[in-house]
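K.L.:
next comes the sequence, and after it the predicted model I'd like to discuss.
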Amino acid sequence: MTRTNHRALYVLCVSNRGFRASLIVRKVYRTIPDLKAEARSLVRVIDESGEGYLYPERLFVAIELPREAGRAFRAAS
């Protein structure tokens with residue numbers, strides 16, 4: 001999963017295999033930039049605990065949100 005711009009990146013969870021207590025399938029999560037994690041095919045996600053944890057990239061699909069939706073997500077966290 002590569003970043004294509006400097007806007008906040010959001011991901012859609014497509015699988016929670018092995019992480020059922022931490023991730024909800026079909027939920028949109030905000031990510032935290034982490035170049036070391038990306039080099040290891042991991043993504044740092046603010047999960048259900050409200051903290052940023054590392055997960056395998058294969059569990060997510062990167063998405064771009066409209067600006068208004070991005071503001072709403074940031075305000076809620």
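P.N.:
Cool, the structure landed.
K.L.:
what's stretch 10-25 in contact with?
P.N.:
If you take C-beta atoms under 8 Å, 6 or more residues apart in numbering as the criterion, stretch 10-25 is touched by 1, 26-31, 43, 45, 47-49, 53, 55, 58-65, 70, 73. Heads up, the C-betas are built off the backbone N, CA and C, glycines and all.
K.L.:
which among those end up buried?
P.N.:
29-31, 43, 45, 47, 53, 55, 59-60, 65, 70 (16 or more other C-beta atoms under 10 Å).
K.L.:
which of these fall in strands?
P.N.:
Members of those lying in strands (criterion: DSSP state E): 29-31, 43, 45, 53, 55, 60.
K.L.:
which residues does residue 48 contact?
P.N.:
21-24.
K.L.:
how about 6 Å then?
P.N.:
residue 22 (C-beta atoms under 6 Å, 6 or more residues apart in numbering).
K.L.:
tell me the backbone dihedrals of it, please.
P.N.:
phi -60, psi -20 (degrees, to the nearest 10).
K.L.:
and residue 65, how far from residue 29?
P.N.:
Counting by C-beta to C-beta, to the nearest Å, the separation of residue 65 from residue 29 is 11 Å.
K.L.:
again with residue 45
P.N.:
Taken as C-beta to C-beta, the span from residue 45 to residue 29 is 5 Å.
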